[in-house]
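Student: I'll drop the sequence and a predicted model, then ask my questions.
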Amino acid sequence: MPHSHDTGDPRVTWRASDVLRQRTGICYAKAHGLAALLRAEDIPAALCYQRLEGVVHGLVAVRFHGAWHRQDPRGGRFGGSVPFSLAGERLPFTPRPESSDMDYSVLYAVPHPVVLEALRKAPDRARLWKTLPTSL
């Protein structure tokens, strides 16, 4: 499923059902869709976040082998896509110590309200890009 920024798709999806039906979304929306698919198969999944280059990035945490492992559903970007792994956590981006980047350690059952508000209020992806959350 392509990331809407990479394909130029102006639609903003936020509900898992919309993401799956329209087959597009940014990282947050794709995380919502993936978490829903995993949960539908009785695989424990949660939403989680990172702050990278001043913007909050959406991830999914999956519980397997007795621990939570974050996975990045974004995909589709050259140099930024890492395939899902049952061997443990694999992320394409890690916070840089010299910056304000960070991993948020909280796992959420539902989208963080700041993320959800940004998605719901944006009439299109161009405007969403101007209002992406910078912190949680």
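Tutor: Looks like it arrived, so ask away.

Student: Can I get the worst-scoring helix or strand of the chain on mean pLDDT as PDB, trimmed to CA atoms?
Tutor: Across the helices and strands of the chain, mean pLDDT, DSSP states H and E gives its lowest value to helix 4-7, namely a mean of 79. Output in PDB follows, covering the C-alpha atoms of helix 4-7 (Å, rounded to 0.1, in the frame of the first residue of the first chain):
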ATOM      1  CA  SER A   4       0.100   9.100  -0.100                       C
ATOM      2  CA  HIS A   5       3.000  11.600   0.000                       C
ATOM      3  CA  ASP A   6       5.100   9.300  -2.300                       C
ATOM      4  CA  THR A   7       2.300   9.000  -4.900                       C
END
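
Student: Buried residues, that helix. List them.
Tutor: Using 16 or more other C-beta atoms under 10 Å as the burial criterion, the residues of helix 4-7 that qualify are Ser4, His5. Where you see a C-beta, it was placed from the backbone N, CA and C, and this is true even at glycine.

Student: What is that helix packed up against?
Tutor: helix 125-130 (3 or more C-beta pairs under 8 Å, 6 or more residues apart in numbering; DSSP states H and E).

Student: ok, then the element right after the helix or strand where Ala31 lies?
Tutor: Ala31 belongs to helix 27-40 when assigned by DSSP states H and E. Using DSSP H and E, the helix or strand that directly follows helix 27-40 along the chain is strand 45-52.

Student: And the next helix or strand past that following strand?
Tutor: Once the chain leaves strand 45-52, the next helix or strand it forms, by DSSP H and E, is strand 55-64.

Student: List the pairing partners of that following strand within its sheet, with orientation.
Tutor: strand 45-52 (antiparallel), strand 67-71 (antiparallel) (DSSP bridges).
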